[in-house]
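Colleague: Here is the input, now give the coordinates:
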Amino acid sequence: MRKRSALAGDPEVAETTGRIPHPYPRDLADAFVLESRASAMRGESLRLALAPKAQPTRLIGMIGIEPDANGEAELGYWLGRPVWGQGLATEAARALIDAFFAFTEGEALGSSARVGNPASRRVLEKCGFVSDGPGFRDSPLRGRMPVDTFRLSRRDWASLKSWSRDGWAPRPQTPELLVEEIEPDAARPRASGSAAATAAGRPLFLAAE
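Modeller: Have a look, this model is predicted:
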């Protein structure tokens, strides 16, 4: 996962998060991949790699949903600096939000943006999240951080989807991204865990449990 450690370890990327160090050692990236796979198999979370459709092996970022400190489902994401400002974070977030409400029984999805990161705030607002006020997030790397918190309820999500179908909201463009379960550098196995559950029509994961 050399590409992941290089992109995520960029100081301008890492500083937008509470958990990514910089520099980002290769061994930590490998451990993250293995832990992500295990967490998905346990049904606890889902973390996906992002790549352009035209370049499916080119990692450009990550997105995921997992429990926060209170056990509530929370959306998180990051993109490499070369693809900032292209609307890709919004596209990826909308796709995973749709999957969360379509395949789980979760009633709400939370997220947060570091104070001073207006780009992340705009992504959440474009996805229908409503501000839940300022707050703090404890980070093992950066201590107690001020954040803006957001929440998207199932009811609000359903309303936004309905408006889109009725023409009140812009219809989504043809997706430019692929989202895949992240794998170690070794040969990728056949679909299992959350990927297999999706194919079988079962929940992707149970992040809120």
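
Colleague: okay, CA-based contacts and neighbour counts for the rest of this
Modeller: Will do.

Colleague: So Leu109, which state does it fall into?
Modeller: Using DSSP: H, G, I helix; E, B strand; the rest coil, the secondary structure recorded for Leu109 is strand.

Colleague: Do I have it right that it meets Gly76?
Modeller: No: contact between Leu109 and Gly76 fails when scored by C-alpha atoms under 8 Å: they sit 10.6 Å apart.

Colleague: if you count what's nearby, which of those two comes out ahead?
Modeller: Between Leu109 and Gly76, counting by other C-alpha atoms under 10 Å, Leu109 is the more crowded of the two (24 against 17).

Colleague: Run through the bridge partners of that one.
Modeller: Leu152 (DSSP bridges).

Colleague: show me the contacts for it.
Modeller: Applying C-alpha atoms under 8 Å, 6 or more residues apart in numbering, we find Leu109 in contact with Glu72, Ala73, Glu74, Leu75, Arg151, Leu152, Ser153.

Colleague: Quick check: beta-bridge partners of the third one?
Modeller: According to DSSP bridges, the residues that bridge with Glu74 are Glu66, Gly110.

Colleague: Check the gap between it and Phe103 for me.
Modeller: Distance of Glu74 to Phe103, computed by C-alpha to C-alpha, to the nearest Å: 15 Å.

Colleague: and what of the fifth one?
Modeller: When distance is defined by C-alpha to C-alpha, Arg151 is 19 Å away from Phe103.

Colleague: Comparing the two, which shows the higher neighbour count?
Modeller: Arg151 (21 against 16).

Colleague: Contacts only, for the closest residue to the more buried one other than its chain neighbours.
Modeller: Counting by C-alpha to C-alpha, 6 or more residues apart in numbering, Arg151 lies nearest to Gly110, which is 4.5 Å off, once chain neighbours are set aside. Applying C-alpha under 8 Å, 6+ apart, we find Gly110 in contact with Glu72, Ala73, Glu74, Leu75, Thr149, Phe150, Arg151, Leu152.

Colleague: Specify which member of those is nearest to Ala51.
Modeller: Of all those, Leu75 has the smallest distance to Ala51: 18.3 Å, by C-alpha to C-alpha.

Colleague: Parallel or antiparallel, which strands does the helix or strand hosting Leu50 pair with?
Modeller: In the assignment (DSSP states H and E), Leu50 maps to strand 46-52. Partner strands for strand 46-52, per DSSP bridges, with pairing direction: strand 61-67 (antiparallel), strand 177-181 (antiparallel).
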